[in-house]
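Chemist: Task: produce atomic coordinates for the following.
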Amino acid sequence: MLILGEIQSGTGLNQEVGIKRPCDTRWGSHFGSLLNIKRTYSSICEVLEDIKVNGYCQDHRGEARRLLRSIKTFDFIFFLHLMVDILGITNDLNITLQKKDQNVVNAMHQVRSSKARLIQMRNEGWELLSNDVTLLCEKCEIDILNMEDPYYNGTSRRKGSQINYLHHYKIDVFIAAIDMQSQELNNRFNEVNTSLLVSMASLCQSKSFQAFNVDELLKTAMFYSNEFPERNIGALRASLQNYIVDVRGDARFNNLKGIGNLAKMMIETNKHTIYPMVYLLLKLALILPVATSTVERAFSAMKLIKNNLCNKMSDQFMNDCLVSYIEKDVLDGISNDVLIDFFKKYVNTS
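Modeler: Numbering: from 1, shown residues only. Reported below is the predicted structural model:
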């Protein structure tokens, strides 16, 4: 790219233009990989052309020839642009959900904006995508398909095709891929889960419980009919109103961080016995797994812990390993002497 004049050189410039290795445990790594392939596509083709001719072994020359046949096609360019656009829409949401500490309301707003952006792309993005694909194909001298020609699904052309390339790429690929991504978001973040998470954010204690909203919390309680029967909703409203006046006037609740610390402080101050229904809401907010980083971190850790060498471990042992890996920040603060004393006592008692 420097030789072609596409980028400028200099200290601190263009230090990360290589192809990132996609990681199984991070969704955004695939976006970074595809984005860099798109940025350096011309350079990749030039390197493969050189290897195809001057490679020091026949296997490398054959592999370069095969890769060139694959990437210098309209199909590859189209799918590259499509996946970059789709993953670009959801990338910020992925990064937010992988954070250990996150603002639930902001995360839900990002979910809604991602859904809206996908709908916008479905309705208005085809022309822009096809133009970008055409420009790169013309720049790299790749044959551009005539969208009115019949599309053949397979190698045989004896039977007449019922669809053309425009139908295949726009309906069967472009719209189908966006609909699949939209359905995935709807399955993970349906209206009930979204409402639950936004309502649970009303328990946040930051800025002197600024986000506290009795009506939102009552709406949350109605989703848990077993824990909060309809006959108890009136009592819950009164308890929430008493609770907020109490904690706002208690200096011990001023500098807390996170709902978890709020729940701990309620136990330390014995307020969980005074406001048991409010404390139950706090517990439900803490164990609500949807749209928190815990689930994503657990699956990420599982791929690292249960690998090919350790694929027969029992469920209990795997759970213990996962807890140790995910909460390694907590375990780092425990000294070896404490662990040795614990196991000594365990052996003596057993």
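
Chemist: looking at the chain, which helix or strand is least sure?
Modeler: helix 293-305 (a mean of 61; mean pLDDT, DSSP states H and E).

Chemist: Return the set of buried residues in the helix or strand just after that helix.
Modeler: Next along the chain after helix 293-305, taking DSSP states H and E as the criterion, comes helix 315-326. The neighbour-count check on helix 315-326 (16 or more other C-beta atoms under 10 Å) flags Cys321, Leu322, Tyr325, Ile326 as buried. C-beta: built from backbone N, CA, C; applies to glycine.

Chemist: Now helix 315-326: average pLDDT?
Modeler: Across helix 315-326, the average pLDDT comes to 78.

Chemist: on contacts alone, who are the packing partners of that helix?
Modeler: When contacts are defined as 3 or more C-beta pairs under 8 Å, 6 or more residues apart in numbering; DSSP states H and E, helix 315-326 packs onto helix 293-305.

Chemist: again, only using 10 Å
Modeler: With contacts taken as 3 or more C-beta pairs under 10 Å, 6 or more residues apart in numbering; DSSP states H and E, helix 315-326 sits against helix 293-305, helix 328-331.

Chemist: In a markdown table, list the buried residues of helix 315-326 along with distance to Leu93.
Modeler: Below are the buried residues of helix 315-326 laid out as a markdown table (distance: C-beta to C-beta, whole Å):
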| residue | distance to Leu93 |
| --- | --- |
| Cys321 | 29 |
| Leu322 | 24 |
| Tyr325 | 25 |
| Ile326 | 21 |
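
Chemist: right, and the pair among those with maximum separation?
Modeler: Cys321 and Ile326 (9.6 Å; C-beta to C-beta).

Chemist: Between the buried residues of helix 315-326, which sits nearest Leu286?
Modeler: For the buried residues of helix 315-326, the minimum distance to Leu286 (C-beta to C-beta) is 15.6 Å, reached by Ile326.

Chemist: For Met147, see how far away the closest one is.
Modeler: According to C-beta to C-beta, to the nearest Å, Ile326 stands 49 Å off from Met147.

Chemist: Could you grab the helix/strand/coil label for Glu6?
Modeler: coil (DSSP: H, G, I helix; E, B strand; the rest coil).

Chemist: right, and it touches Glu46 too?
Modeler: No. Contact status for Glu6 versus Glu46: not in contact, 11.7 Å apart, counting by C-beta atoms under 10 Å.

Chemist: what residues are shared contacts of the two?
Modeler: Residues touching both Glu6 and Glu46 (C-beta atoms under 10 Å, 6 or more residues apart in numbering) are Thr40.

Chemist: Could you check the helix or strand hosting Ile77 and say which residues are buried?
Modeler: Element membership for Ile77 (DSSP H and E) is helix 74-97. For helix 74-97, the neighbour count (16+ other C-beta under 10 Å) marks 74, 77-87, 89-91, 93-94, 96-97 as buried.

Chemist: And for stretch 181-200?
Modeler: Within stretch 181-200, judged by 16+ other C-beta under 10 Å, the buried ones are Gln181, Ser182, Leu185, Phe189, Asn193, Thr194, Leu196, Leu197, Val198, Ser199, Met200.
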